[in-house]
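1. what follows is a predicted protein model with its sequence.
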Amino acid sequence: MRATINILFASMTMGVFLATQAASAQDAVEEMNNLPNPYKRIYPWAHMPAGLSWGQVIGVEPGPDGNLYVLHRCFEGSCVDRDEPPILVFEPSGEFVRGWGEGLFIRPHGFHIDPEGNVWATDDRAHVVFKFSAHGELLMTLGRHGVSGDGPNVFDQPTDVLVAPNGNLFVANGHGMGANRVINLAGNGTFIKAWGSTGTGEGEFDIPHALAMDSQGRLFVGDRNNARIQIFDQNGEYIDQWTQFGRPSGLFITPDDTLYVADNQSFGVLNPGVKKGIRVGSAQDGALRYLIEDLEATSLEEAGAEGVGVDVEGNVYGAVVRRMMLEKHERL
């Protein structure tokens with residue numbers, strides 16, 4: 001009799017625990033979905049020159065010159081045998097300034113503008129990282145074109161690149177079946193260290209898809225398939241992880257430590273019930289503030305902005321792969 005009572009009590013306790021967990025998960029989903037949106041969407045944004053059309057837009061960042069720099073995958077989702085420039089520059093008004101990069105890329109992916117105005121881009125099919133001047137001069141190529149690996153001088157499907165204030169580089173690797181790790185390099189490309197492996201634990205990754213750095217010098221890694229942001233110091237030591245921003249495809253942190261996270265893979269089986277869009281919060285404590293809900297926020301397909309950037313006036317730009325456009329979200 002006593003054993004029966006103990007079993008019933010254990011069953012009831014487990015039931016209460018599971019119900020509590022479910023309620024907590026639902027509360028988290030509601031918090032992520034029911035945020036205000038103080039932005040007005042303008043789409044498509046920017047005036048493309050005659051004869052040039054958007055491809056899959058994957059990256060967008062402002063430069064110190066005040067212009068907006070955009071990375072797209074040419075018209076067919078690949079730049080192989082295409083004559084469109086994958087890197088485009090626009091004035092704040094949306095007027096086209098210049099473009100470059102024809103013949104260099106297979107599939108553009110990661111994008112970053114450093115404080116000196118240099119333009120960095122990764123190619124996750126060619127396994128290389130390019131550094132350009134703000135006017136398109138190729139200054140450096142890191143990695144070996146077409147060669148992947150986990151050694152110190154090669155990349156494996158590099159998804160993003162970031163320049164730290166001291167000039168060191170961080171490169172996220174592992175789009176698909178690639179090696180899931182972050183590589184730290186000196187500014188000249190000399191290998192310093194690497195960390196990470198495939199998994200769900202602290203310091204492990206499943207498609208580290210985006211990089212950003214806050215005012216404290218902490219490195220934010222969008223660990224997309226694990227639906228979390230992992231935070232490290234610049235030596236690769238784990239600090240924290242946040243799950244309240246959805247499945248992070250793109251990250252951007254402004255000087256006041258506002259964190260912008262592009263989530264274009266949620267809602268379906270990958271992250272049930274969580275709407276797609278750009279979530280805005282604090283890079284200091286992870287508090288959520290706003291949700292710029294996507295036009296296809298409840299689509300079961302991958303949709304919405306995959307890359308995100310913010311200009312000095314606080315306008316938010318979404319690089320949209322599926323709809324092949326650049327969206328501007330003006331702060332009201």
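-> Yep, it's here.
2. let me see the contact set for the spatially most central residue of the chain.
-> Centroid-nearest residue in the chain, with Cα atoms, centre = their mean: residue 250, separated by 1.9 Å. Counting by Cβ atoms under 8 Å, 6 or more residues apart in numbering, residue 250 makes contact with 59, 209-210, 222, 260-262, 305-308, 319. Where you see a C-beta, it was placed from the backbone N, CA and C, and this is true even at glycine.
3. just the ones of the residues you listed in strands?
-> Counting by DSSP state E, the contacts of residue 250 place 59, 209-210, 222, 260-262, 305-308, 319 in strands.
4. could you provide those in TSV, with additional columns for pLDDT?
-> As requested, these are exported to TSV (pLDDT from 0 to 100):
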residue	pLDDT
59	98
209	98
210	98
222	98
260	99
261	98
262	98
305	97
306	98
307	98
308	98
319	97
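5. and which of those is nearest to residue 100?
-> residue 59 (14.5 Å; Cβ to Cβ).
6. just give me the neighbour total for the closest one.
-> 30 (other Cβ atoms under 10 Å).
7. likewise for residue 171?
-> Using other Cβ under 10 Å: residue 171 sits among 24 other residues.
8. who's the residue nearest to the centre of the chain bridged to?
-> With DSSP bridges as the criterion, residue 250 is bridged to residue 262.
9. where does pLDDT dip in the stretch 151-300 of the chain?
-> Along the stretch 151-300 of the chain, segments meeting pLDDT under 70 are nowhere present.
10. which residues in it form helices?
-> For the stretch 151-300 of the chain, applying DSSP state H, counting those that start in this stretch gives no helices.
11. and of the ones in strands among the contacts of residue 250, the nearest to residue 103?
-> Of the ones in strands among the contacts of residue 250, the one sitting nearest to residue 103 (Cβ to Cβ) turns out to be residue 59, at 18.9 Å.
12. helix or strand: which one has the spatially closest residue to that closest one that is not a sequence neighbour?
-> Leaving out its chain neighbours, the residue that sits closest to residue 59 by Cβ to Cβ, 6 or more residues apart in numbering is residue 111, at 2.7 Å. Taking DSSP states H and E as the definition, residue 111 sits inside strand 108-113.
13. which outside residues touch that strand?
-> Counting by Cβ under 8 Å, 6+ apart, 58-64, 69, 71-73, 79, 86-87, 101, 119-124, 129, 158-163, 171-172, 175, 210-211, 307 sit against strand 108-113.
14. which residues in the stretch 1-150 of the chain form strands?
-> 39-42, 57-62, 68-72, 87-90, 96-100, 108-113, 119-123, 128-132, 138-142 (DSSP state E, counting those that start in this stretch).
15. out of those, nearest to residue 152?
-> Residue 152 lies closest to strand 138-142 among the strands of the stretch 1-150 of the chain, at 11.2 Å (Cβ to Cβ).
16. which parts of the closest one count as buried, going by neighbours?
-> residue 142 (16 or more other Cβ atoms under 10 Å).
17. how far is that strand from where the chain is centred?
-> Relative to its parent chain, strand 138-142 has a centroid offset of 22 Å by Cα atoms, centre = their mean, to the nearest Å.
18. do stretch 297-312 as well
-> On Cα atoms, centre = their mean, the centre of stretch 297-312 falls 10 Å from the chain's centre.
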